[in-house]
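# can you look at this prediction? I've put the sequence above it.
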Amino acid sequence: KKSFCHLMVMLTCLIIGAKLFFFNDIPGNTKILPLQQRQSHSSPSFSSSSNELIITCDRNNQHLKKGADPCSIVNNLTKDERIYLAKRMPESQPKSISEFYQHPLCSHNLQNEVTFFHVGKAGGGSIKMDLQKNRIGVASCHPIPRICDGKKDVTNSTRGRTIIMNVRDPVDRFVSAFKWRLYVLKHTMAKKRATLEEKCRGHPVSNMWDAPFDVCNHLAEEKLLREVYSSDPDVFARAMCRDSDVHERALQDHKKIGHSMPLAEWLRFLIDPREDDSHHGVRQFIAIPLEKREDEMLFERHIQRVSMQLLQTRYDEGTSREIIDQKPMMEDSQIMESAKKMCQHSSSSSSSSSKSNFNGNSTTNTDKQEEQSDQLSPLGVCCLARALEMDYRLIRAMIGEDEDAAGAGPVIIPILRGACSWGDTKQQKSCRSDLRSMLSR
């Protein structure tokens, strides 16, 4: 029976595929054209008020795949909810933007074109949620670049693609990661400590940059933060000082702290020790800075504009704007509300911790005595910033101001210098100003 069902499904797919292939150009049928063909096509412009198809419904997207991203809309639904949504799927492509949004499984699937480097503790959760609201599907790598969409040891995940990366002041991001991991692990271990200690006895401990989901690593990480560094990020920061007796150990311990992987490790493939102008297959690099300057937070605006930028890889500017403008308030949808609750992350769209009151964490449930100061000591800031020197150099490269560092270390691939060369002129200026503000240290 099972083999027969599989055979019938395959035959049905072949029949439908043949029908679409041979009869797509017959008058009366709607055909979607690539952006380049649309712009040169003699037919009238596509618009939501006409009967022409203006957007595609990528039904065979990541939402339907087993083991897909846990924040996918459909992946978090029950079996009955899946069946209900499947019945609501259109038999043909939607013919307007509003019709597109009526079908929960429709999306703009850019997974083969765009990779999101979701850097921990830098507002990545907010970016992911906005892309989801706009039904834009991209490949997502988190919490390390080798794990994309839940798959480990991913290779060639950037070749021929656009890379989106959220960027935050390296010192502030580390402090946020330290505090967040301490908070999460402390509450997790309160219930599982005895069991894990028995399970992990004699288990070799690796670092979190290699095995971020190993529970034995989590146990070792919690003890490290609590016992060795006294639950205080400033103690760790001062241990990073070059004249510290524990400097070398602190460098190794850095790798054992989750969500703390520096930009230099994320972008290792774009830092070439040889004189090589290759872009390593990357088509475009887009930086989304998380920074507060002069009491102004532009992060939300950056997120909204990057959604427009991605839509314009498939549609013209007018259609992309219509798609975003006609987006319904999805918070009113029970489906989206459920997905939103499951996608809650520690990241937040606010300012850097040591420059303001923002720490990037959700601490509403944290006891007063457990909260650590957001401020590092001047010595801690200095030592940590020096240890993360390559990250600051990468940020300088993103705004095209790394030429003065020529000969002082590895060569940075030039494509990074276009990190803010997206959006309109105002957006580009705002992006560079936010990144430049991070260099104030």
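That came through, no problem.
# what about stretch 303-319, start to end distance?
With C-alpha to C-alpha, to the nearest Å as the measure, stretch 303-319 spans 19 Å from end to end.
# swap in stretch 417-432?
10 Å.
# next, the buried residues of that stretch.
Residues Arg417, Gly418, Ala419, Cys420, Ser421, Trp422, Gly423, Gln427, Ser430, Cys431, Arg432 are the ones in stretch 417-432 that count as buried (16 or more other C-beta atoms under 10 Å). Just so you know, the C-beta spots here come from the backbone N, C-alpha and C atoms, and that holds for glycine as well.
# please apply the same query to stretch 387-406.
In stretch 387-406, counting by 16+ other C-beta under 10 Å, buried: 387-388, 390-399, 401-402.
# which of those lies closest to Ser230?
Distance to Ser230 across these (C-beta to C-beta) is lowest for Ala387, with 18.9 Å.
# distance of the nearest residue to the closest one once chain neighbours are set aside relative to Lys223?
Among residues not flanking Ala387 along the chain, Met240 sits closest, at 4.5 Å (C-beta to C-beta, 6 or more residues apart in numbering). Relative to Lys223, Met240 is positioned 19 Å away (C-beta to C-beta, to the nearest Å).
# cool, and Arg159?
Remark: distance between Arg159 and Lys223 (C-beta to C-beta) = 40 Å.
# and those two? Which one has more around it.
Set side by side, Arg159 and Lys223 show more neighbours around Lys223, with 15 against 12, by other C-beta atoms under 10 Å.
# list the contacts of that one.
For Lys223, the contact set (C-beta atoms under 8 Å, 6 or more residues apart in numbering) is empty.
# now with 10 Å, please.
Leu185, Met189, Arg193, Glu197, Val205 (C-beta atoms under 10 Å, 6 or more residues apart in numbering).
# ok, back up a step: hmm, the residue nearest to Ala387 is touching Ser260, no?
No - using C-beta atoms under 10 Å, Met240 is not in contact with Ser260; the gap is 11.9 Å.
# overlap in contacts of the two?
Common neighbours of Met240 and Ser260 (C-beta under 10 Å, 6+ apart) are Phe174, His254.
# distance check, the residue nearest to Ala387 against Ala397.
On the measure of C-beta to C-beta, Met240 and Ala397 end up 23 Å apart.
# just checking, Arg436 is part of a strand?
No - looking at Arg436 with DSSP: H, G, I helix; E, B strand; the rest coil, it is helix, so not inside a strand.
# run through the residues that contact the nearest residue to it once chain neighbours are set aside.
Of all residues not flanking Arg436 in the chain, Ile399 sits nearest, at 5.7 Å (C-beta to C-beta, 6+ apart). With contact set as C-beta under 10 Å, 6+ apart, Ile399 has these partners: 287, 289, 416-417, 419-420, 431-436, 438-439.
# how about Leu219?
Per C-beta under 10 Å, 6+ apart, neighbours of Leu219: Leu185, Thr188, Met189, Lys192, Arg193, Leu196, Glu197, Lys199, Cys200, His203, Val205.
# closest to His254 out of these?
Out of the contacts of Leu219, the member with the shortest distance to His254 (by C-beta to C-beta) is Val205, at 14.5 Å.
# mind telling me what element the closest one is part of?
Taking DSSP states H and E as the definition, one finds Val205 inside no helix or strand.
# export the buried residues of stretch 417-432 as TSV, with columns for pLDDT and secondary structure.
Listed next are the buried residues of stretch 417-432 as TSV, based on pLDDT from 0 to 100; DSSP: H, G, I helix; E, B strand; the rest coil:
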residue	pLDDT	secondary structure
Arg417	91	helix
Gly418	93	helix
Ala419	96	coil
Cys420	96	coil
Ser421	95	coil
Trp422	94	coil
Gly423	92	coil
Gln427	94	helix
Ser430	93	helix
Cys431	95	helix
Arg432	95	helix
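# follow-up on the earlier one: and the contacts of Lys223, which is closest to Leu270?
Taking C-beta to C-beta as the measure, Leu270 lies nearest Val205 of the contacts of Lys223, at 29.9 Å.
# any idea how far the residue nearest to Arg436 lies from Arg301?
Distance from Ile399 to Arg301, by C-beta to C-beta: 18 Å.
# next one: Gly318
From Gly318 to Arg301 the distance is 21 Å (C-beta to C-beta).
# same question for Ile286.
Distance from Ile286 to Arg301, by C-beta to C-beta: 14 Å.
# and what of Arg146?
31 Å.
# now swap in Ser421 and tell me
Ser421 is 17 Å from Arg301, where distance means C-beta to C-beta.
# Val138: which of the buried residues of stretch 417-432 is nearest?
For the buried residues of stretch 417-432, the nearest to Val138 is Trp422 (14.7 Å; C-beta to C-beta).
# rank the buried residues of stretch 387-406 by pLDDT and give me only the lowest.
Of all the buried residues of stretch 387-406, Asp402 has the smallest pLDDT value, namely 69.
# in which helix or strand does the residue lying closest to Val215 once chain neighbours are set aside reside?
Once flanking residues are discounted, Val215 sits nearest to Leu196: 6.1 Å by C-beta to C-beta, 6+ apart. According to DSSP H and E, Leu196 maps onto helix 170-199.
# do a quick rundown of the strands in the stretch 101-250 of the chain.
According to DSSP state E, counting those that start in this stretch, the stretch 101-250 of the chain carries its strands in the segments 108-109, 114-117, 136-137, 139-141, 162-168.
# export these to TSV and append columns for mean neighbour count.
Listed next are the strands of the stretch 101-250 of the chain as TSV, based on neighbours: other C-beta atoms under 10 Å:
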stretch	mean neighbour count
strand 108-109	22
strand 114-117	25
strand 136-137	22
strand 139-141	23
strand 162-168	26
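# where does this protein have its least confident helix or strand?
helix 35-40 (a mean of 36; mean pLDDT, DSSP states H and E).
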